[in-house]
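Colleague: Sequence and predicted structure are below.
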Protein chains: 2
Amino acid sequence: MGVKGEKTKELIRQEAYRLFAEKGFKEVTMKDICVRTGLSRGGLYRHYSGTAEIFAEILSEEYVIADRIEKKESATEILKDMLAEIKKEIPDKENSLSLAIYEYANQGNAAFFEEIHEKAKKRWNSLIEYGMESGEFRSVNADQVTDMILYYYQGLRMWSRVVPFEEKTAEHFVQTVQEMLL
Amino acid sequence: MGVKGEKTKELIRQEAYRLFAEKGFKEVTMKDICVRTGLSRGGLYRHYSGTAEIFAEILSEEYVIADRIEKKESATEILKDMLAEIKKEIPDKENSLSLAIYEYANQGNAAFFEEIHEKAKKRWNSLIEYGMESGEFRSVNADQVTDMILYYYQGLRMWSRVVPFEEKTAEHFVQTVQEMLL
């Protein structure tokens, strides 16, 4: 695919992301995405077969870090960037995909969700292992810390739709993870 | 209310709990509760004005610990009991109220949910403060640890409905909290 095709796909994912965050997964249709992107039906289907494919791609592109580990960047810097990203996202009700993810998983897509969850686990695990090897992180049980990070984060994302969040709440998450690892 | 009245209310809460865990909040009716408890409509309404009142009472009676602090029981013992309770509950999809809580909060009951959340915060905070005063717990930022416990737990409860849980997942939660405090 050419540069133009890639740009179109990016536009589709961007607009679909906003729709999923607004309405959850179930209520978003390919037609909604046509309206938002200005693409024709044919133009949209040339790139994606349905909302599930778009959603899956959005989820799997979050937080790419394997590259940075390969480039031997500092584990501390990677961690800090990931946490900054998360901190920005947590209080941002409008941009949270948590409801969409939950609906999607409950619609018989549990297997896909498991896959996403496994990937997130591997991502955090590999960062923690890498940080321990380079001596930047404390020696911890990587599986245990990964679980804490993932479920704590999921709890925050889910409840940020319901309870009003103080700045402090996101700050506590970042502090807890940093204190555990640094 | 006499002993018999109290027993009836307990039966109602018990059966309603199961219904909420099965179906969430929205789909449970007072009629369902009559069927499960064998009470007449009049008999049920004598005790509760609606499903919201029953649900609110179920939520607020979880984990009573103020009494145990007043009795000067060991903070470590109280903590261990609370964690054991949670650990039992996490993998128990059938008994998790997470979906019901989420639906209830989203139905314009955010204020009530906040109240429940504040109560849970106070409960954990008071236990942590108490444990630090008695010298049983490490010196920590009580607010920060409370947030970690509550949101981590919420994340676990919510996702236990979606991803298959290994025993280890609940174990990690218990270990993390214990390592932070003991």
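Modeller: Right, received. Where do you want to start?
Colleague: Flag the shaky bits of chain A, pLDDT-wise.
Modeller: Scanning chain A for pLDDT under 70 picks out A:1, A:61-64, A:92-95, A:161.
Colleague: What parts of it come near chain B?
Modeller: A:102, A:105-106, A:110, A:113-114, A:117, A:141, A:143-145, A:147-148, A:150-156, A:158-159, A:161-164, A:168-169, A:172-173, A:175-176 (Cβ under 8 Å from any Cβ of the partner chain). Backbone N, C-alpha and C define where each C-beta goes, glycine included.
Colleague: same thing but at 7 Å, please
Modeller: Proximity of chain A to chain B (Cβ under 7 Å from any Cβ of the partner chain) is limited to residues A:105-106, A:110, A:113-114, A:117, A:143-144, A:147-148, A:151-156, A:158-159, A:162-163, A:169, A:172, A:175-176.
Colleague: Helix, strand or coil: sort out residue A:162 for me.
Modeller: Following DSSP: H, G, I helix; E, B strand; the rest coil, the label given to residue A:162 is coil.
Colleague: was I right about it contacting residue B:114?
Modeller: No - with contacts counted by Cβ atoms under 7 Å, residue A:162 stays clear of residue B:114, the gap being 8.3 Å.
Colleague: The residues of chain A next to chain B, buried ones only, as a PyMOL selection?
Modeller: In PyMOL, a selection of the buried entries from the residues of chain A next to chain B looks like this (16 or more other Cβ atoms under 10 Å in any protein chain shown):
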select buried, chain A and resi 105+110+113+117+144+147+148+151+152+153+154+155+156+158+159+162+163+169+172+175+176
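Colleague: what's the domain layout of chain A?
Modeller: A:3-57, A:63-181 (automatic domain parsing).
Colleague: Tell me which of the ones you listed is the most buried.
Modeller: Sort these by mean neighbour count, taking mean count of other Cβ atoms under 10 Å in any protein chain shown, and domain A:63-181 sits at the top with a mean of 17.
Colleague: Let me see the ranges of the helices in chain A.
Modeller: A:3-23, A:30-37, A:41-47, A:51-60, A:66-70, A:75-89, A:98-106, A:110-133, A:142-159, A:167-181 (DSSP state H).
Colleague: Residue B:35: which of those helices is closest?
Modeller: Among the helices of chain A, helix A:98-106 comes nearest to residue B:35, with 26.1 Å by Cβ to Cβ.
Colleague: Mind putting the domains of chain A into TSV with distance to residue B:122?
Modeller: Conversion of the domains of chain A to TSV gives the following (distance: least, Cβ to Cβ, whole Å):
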stretch	distance to residue B:122
domain A:3-57	32
domain A:63-181	15
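Colleague: And the helices of chain A: which comes nearest residue B:42?
Modeller: helix A:98-106 (37.2 Å).
Colleague: Pull the distance from that closest one to the chain's centre.
Modeller: 13 Å (Cα atoms, centre = their mean, to the nearest Å).
Colleague: what's it in contact with?
Modeller: By Cβ atoms under 7 Å, 6 or more residues apart in numbering or on different chains, the list of residues contacting helix A:98-106 from outside reads A:20, A:21, A:24, A:25, A:26, A:55, A:113, A:157, A:158, A:161, B:162.
Colleague: so what's the third one up against?
Modeller: For residue A:24, the contacting residues are A:99, A:100, A:103, taking Cβ under 7 Å, 6+ apart as the criterion.
Colleague: And those, which is closest to residue A:9?
Modeller: For the contacts of residue A:24, the nearest to residue A:9 is residue A:100 (19.0 Å; Cβ to Cβ).
Colleague: And that closest one, how close does it get to residue B:7?
Modeller: 44 Å (Cβ to Cβ, to the nearest Å).
Colleague: for residue A:149, same thing?
Modeller: In terms of Cβ to Cβ, residue A:149 sits 45 Å off from residue B:7.
Colleague: Also residue A:178?
Modeller: For residue A:178, the distance to residue B:7 - Cβ to Cβ - is 51 Å.
Colleague: repeat for residue A:72
Modeller: 67 Å.
Colleague: same thing with residue A:8?
Modeller: Applying Cβ to Cβ to residue A:8 and residue B:7 gives a distance of 66 Å.
Colleague: cool, residue A:132 as well?
Modeller: Distance from residue A:132 to residue B:7, by Cβ to Cβ: 56 Å.
Colleague: now do residue A:9
Modeller: Counting by Cβ to Cβ - residue A:9 and residue B:7 are separated by 63 Å.
Colleague: try residue A:108
Modeller: In this view, residue A:108 and residue B:7 are 42 Å apart by Cβ to Cβ.
Colleague: How about residues contacting stretch A:154-163?
Modeller: By Cβ under 7 Å, 6+ apart, stretch A:154-163 touches A:90-91, A:93, A:96, A:98-99, A:173, B:105-106, B:110, B:113-114, B:117, B:151-155, B:158-159.
Colleague: what do you get for stretch A:76-86?
Modeller: A:63, A:65, A:68, A:127, A:131, A:136, A:153, A:174, A:177, A:181, A:182.
Colleague: Apart from its chain neighbours, what residue comes closest to the third one?
Modeller: Right, the one you point to is residue A:68. residue A:78 (5.2 Å; Cβ to Cβ, 6 or more residues apart in numbering or on different chains).
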